[in-house]
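# 3D, please:
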Amino acid sequence: MPNDFDILFEDDSDDDSSVSQNNVICAMCGAEILGNPDACDSCGEPLREILSDYHKQCMWQCGQYLVVRFGTIFPDVCLKTNQPTNGDKHKQTFYWMSFPSVLMQIVISLIPLMFCRISQYLSFVVFLLAFFLVVYVQKSTELKIGISSKLFREMKWKKWLCRLAVLIAFVVIIIVPSLMGIQDSFELFLSLVLFVPLSTWAYLHFASRFLLKQSLVEPYIWIKGVHPDFLAELPAWSRNKSASGRIKLR
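Now for the predicted structure:
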């Protein structure tokens, strides 16, 4: 079982809602119901989608992890709170690379060294081309995960903050060398090595993981931070399910 990404969800203890996170409000009659029942005790209104046989064939629980297949369609239930989501789902992208792609990434990262003594502009262009080539060869898969309205709003503004941070990083590496009088192309290349990969990694690492922390072994994804009541309804993970051996690198 993967154990490299064991960071839990962010603390939501500052929520000032008067309703307990473990309670449910019926949209039909307004009654507050303890726990996470499937239907309202007062009017019988369904409170959340019951996991179907389809979900139990594509989703498993393995300790604190939710294990899902690529392409799994999630129910309309928030994985963190186990509350109904009214159809709100967050599209989350999972990235990974095969071992040959990792070797290619290492080789490509050395290419700008061949040009840094020739022209600082040429080294900058080659660096960007090498970076985008690495991004192109990586693999990814998308899942639409159920989330509550509150978490959906938090996710949107955090993504914008992360994008702003990446933009600032790119502006810094362009302006600061000029302000500091850096003329040597090798010094400029070193600044690119420090700022561009760091800011790009930060965006890819955090922008896609505001809600869930995951590890990946193709064709399954391990997700940590899921509500225990949601996991309790799923069958246990069987270790004899095969995987190809490709692991997620970021």
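# so which helix or strand of this structure has the lowest pLDDT on average?
strand 213-217 (a mean of 53; mean pLDDT, DSSP states H and E).
# beyond it, next helix or strand please.
The helix or strand immediately downstream of strand 213-217 is strand 220-224, counting by DSSP states H and E.
# which strands or helices does whichever helix or strand comes after that next one pack on?
Using DSSP H and E, the helix or strand that follows strand 220-224 in sequence is helix 228-232. Here helix 228-232 touches no other helix or strand, going by 3 or more C-beta pairs under 8 Å, 6 or more residues apart in numbering; DSSP states H and E. All C-beta spots, glycine's among them, are computed from the backbone N, C-alpha and C.
# pLDDT on helix 228-232, on average?
For helix 228-232, the mean per-residue pLDDT is 86.
# can I get that helix as CSV, trimmed to CA atoms?
Extracted in CSV, the C-alpha atoms of helix 228-232 (Å, rounded to 0.1, in the frame of the first residue of the first chain):
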residue,chain,number,x,y,z
PRO,A,228,-14.6,6.6,7.3
ASP,A,229,-18.4,6.1,6.9
PHE,A,230,-18.0,6.2,3.1
LEU,A,231,-15.1,3.6,3.3
ALA,A,232,-17.2,1.4,5.6
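# and residue 233, how far is that from residue 227?
Computed as C-beta to C-beta, to the nearest Å, the residue 233 to residue 227 distance reads 10 Å.
# okay, these two: which has more neighbours?
residue 227 (19 against 15; other C-beta atoms under 10 Å).
# which residues touch the more buried one?
78, 79, 80, 81, 82 (C-beta atoms under 8 Å, 6 or more residues apart in numbering).
# looks like the fourth one contacts residue 152 (just checking).
Right, residue 81. No. Under the criterion of C-beta atoms under 8 Å, residue 81 is not in contact with residue 152, lying 11.8 Å apart.
# which one of the two has more residues nearby?
residue 81 (22 against 16).
# what sits against the residue lying closest to that one once chain neighbours are set aside?
With C-beta to C-beta, 6 or more residues apart in numbering as the criterion, residue 81 has its nearest non-adjacent residue at 5.5 Å, and that residue is residue 148. The neighbourhood of residue 148, defined by C-beta under 8 Å, 6+ apart, consists of 78, 80, 81, 83, 85, 88.
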